[in-house]
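*Asks:* Fold the following, please.
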Amino acid sequence: MLETRPLGLTGIAMAVLAVYVFWRRPTPEGRALALLMAGVAIWSNLYMLELTAIELPAKLFWAKLKYIGIVIVPPAWLLFAIQYAGYRRWNTPFRFALLVAGAAGALATVLTNDAHHLFWKSAEIDLSGRFSVLHLPMGIAFWFWATYFYLLLLSGTILIIVAFFRSSHFYRKQAGAILIAALAPLAGNILFLSGLSPVPHLDLTPFALAISCLACTWALFHLYLADLVPIARAAIVDSMDDCVIVLDKQSRVAEMNPPAQRLAKRPLSSVIGQPVDKTLPELSARLNSHAGKTADEEMVLYENGRQHTYDVKVSRLLDHNDSLISEVVVLRDITQRKQMEVELMKHKERLEDLVRERTTELVEINEQLVRQIVERRQTEEKLEASRSEIRLLSKKLMQTHEEERRGLSLNLHEGLAQYVASVKMAVENLSKLANVEDQRTRDTANDIGKKLDAMTADIRHLSTRLRPRMLDEIGLASTIESYLMDFEDETGIRCEWECEVEDKKYNPEVTTCLYRVMQEALSNISRHSGASCVKVGLCLKEKCLALVVEDNGHGFDPSRIDVRRSLGLVGIRERVDQLSGTVTTFTQVGQGTRIEARVPIE
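*Replies:* Take a look at the predicted model:
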């Protein structure tokens, strides 16, 4: 039937437009518009199949299926209107589920009508006109769902009308085209339901959708419906502190927000459609200098005799063919920022002056520090050299002292002791040669012999103290053991000896050092410690010969020691340091003292 071709063309056109919008604008409002067009496409195509069908069952089949598109249109229209008018917060998952449930309920009522006959009571074909149409007396369920869907359509239409009056000139044509696309099928449906259709029982709504198709096509390709949607325009643009000016392709003012109107000193009604060179000549000159490209620069304007600096940004809006749609000019007042920059520059210069002054002072201080460091390093080097010389001299003095002791000990033992022994022999011979009656001479000789024996013992003791011969001839261990026996006899302090090394000859410097450490430690114990027992040990530790001297005396506080009165400890450390050894002292008041000296064997 030729009369139904507009329905087919409308359905195909709406299907193509739905795919285009869905691809071009993948946003909530774009998807809602695509869903709306898809519903119209289904409604138109299936109604065309209903009209072309001949048999009643076929007509009823297509009549039921067309409601798939019919139940989609009102919810999709409301969703699109909510998005377009800028009320996105209304679109909650719960409300969307209610819309889906309503559409599903209506469709289920239609598809199950044969069981309850609540949607239409009966069905017959009317052949009285030019079309073979269904005559369906509507039941209570039809009027219920019709009321529900009309409320959805009315709500969406009201939102579009509000957006129409709230929109600027730039968007008003777009909103008007949407209203035409919505009202045309609504009028056709009202004529159908009221029985005023020129053809009895013929639904004019799908035919009116052809007008909607033309309006949507014009809005899409001439008013860029899929590219420009005034979402919350008043909340975004009007509330901005920056001046926003929208120009059309001919550089005429299409929109100005309140700050821009104050800048132009003219109301919006007097500037809409006027060339920008008549509204803001200074801005026009800037736009001409950047024709055909995006600009970002500064501009100076005078308001009430005061200079204001603006940051000017010009953005070009292009369609998918890179053709100019409009230009958006944003002017931001940066006068305060410029003033702050001037103040900051002054502070920066002052700060740089202070930094230079401080840098000069720091350079001078640094030079002084460098000189002091050099002088201190030189002093430390001289002091270290002096210390090295003192150590070397101390070592030399100790060696010389030790050699003199060795020589003196040898002279006492080999010279004076032998001389005293020969005198004693002479006295003994004199006592033998005296007469038996000369008792007085014999007694005198015996007395001299005893004194000579005591002198010999003193000479041997002194020789041992100076340098015991057994230290060189036998070894350190035996020498220490012998010395401890004499020390115990002389002082009454019990001595415990523990030796873990063989009695062999070590480096003479090592044995002499440890022997003198032992002597000095025992001397300090006998004079200061008040000890009743001394433990002395000799062992090998980590390639070192270690000597340990420990007493049970009253000890002392190391932090309160007077160096001037503790020359014994200083002498011990000095001897051990000469051989790269270590001395460790453990002491505590009331708990005795322990001295450990380690000297490398090699």
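*Asks:* In contact with the nearest residue to Glu481 once chain neighbours are set aside, which residues?
*Replies:* Computed as C-beta to C-beta, 6 or more residues apart in numbering, the closest residue to Glu481 that is not its neighbour in sequence is Trp497, at 5.5 Å. Any C-beta I mention is one placed from the backbone N, CA and C, and that applies to glycine too. Taking C-beta atoms under 8 Å, 6 or more residues apart in numbering as the definition of contact, the neighbours of Trp497 are 480-481, 484, 536-537.
*Asks:* repeat that with 10 Å
*Replies:* By C-beta atoms under 10 Å, 6 or more residues apart in numbering, the residues touching Trp497 are 477, 480-481, 483-485, 488, 534-538.
*Asks:* in its sheet, what does the strand or helix carrying it sit against?
*Replies:* Using DSSP states H and E, the secondary-structure element containing Trp497 is strand 494-499. Paired strands of strand 494-499, with direction, are strand 533-541 (parallel) (DSSP bridges).
*Asks:* Buried only: go through the contacts of Trp497 for me.
*Replies:* By neighbour count, with 16 or more other C-beta atoms under 10 Å, these hold 477, 480-481, 483-484, 534-538 as buried.
*Asks:* picking that back up, just after the strand holding Trp497, pick out the following helix or strand.
*Replies:* As assigned by DSSP H and E, the chain's next helix or strand after strand 494-499 is helix 508-524.
*Asks:* Buried ones in that following helix, by neighbour count?
*Replies:* Within helix 508-524, the residues that qualify as buried by neighbour count (16+ other C-beta under 10 Å) are 509-522, 524.
*Asks:* export that helix as CSV, just CAs?
*Replies:* Output in CSV follows, covering the C-alpha atoms of helix 508-524 (Å, rounded to 0.1, in the frame of the first residue of the first chain):
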residue,chain,number,x,y,z
PRO,A,508,112.0,-9.7,74.2
GLU,A,509,110.0,-6.5,73.7
VAL,A,510,106.8,-8.3,74.3
THR,A,511,108.0,-10.2,77.4
THR,A,512,109.6,-7.1,78.9
CYS,A,513,106.4,-5.1,78.3
LEU,A,514,104.1,-7.6,79.9
TYR,A,515,106.5,-8.2,82.8
ARG,A,516,106.6,-4.5,83.6
VAL,A,517,102.8,-4.3,83.3
MET,A,518,102.5,-7.1,85.8
GLN,A,519,105.0,-5.3,88.1
GLU,A,520,103.2,-1.9,87.9
ALA,A,521,99.8,-3.5,88.5
LEU,A,522,101.0,-5.5,91.5
SER,A,523,102.6,-2.3,92.9
ASN,A,524,99.3,-0.4,92.6
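*Asks:* for it, packing partners?
*Replies:* Using 3 or more C-beta pairs under 10 Å, 6 or more residues apart in numbering; DSSP states H and E as the contact definition, the elements that helix 508-524 packs against are helix 335-411, helix 469-473, helix 476-491, strand 533-541, strand 544-551, helix 567-578, strand 593-600.
*Asks:* what comes up buried for the second one?
*Replies:* Meaning helix 469-473. Neighbour-count burial for helix 469-473, counted by 16+ other C-beta under 10 Å, picks out Leu471.
*Asks:* and it, what other elements does it pack with?
*Replies:* Under the contact criterion of 3+ C-beta pairs under 10 Å, 6+ apart, helix 469-473 touches helix 335-411, helix 439-466, helix 476-491, helix 508-524.
*Asks:* looking at those, which has the lowest confidence?
*Replies:* Mean pLDDT per stretch puts helix 439-466 lowest among the helices and strands packed on helix 469-473, at a mean of 67.
*Asks:* Thank you, goodbye.
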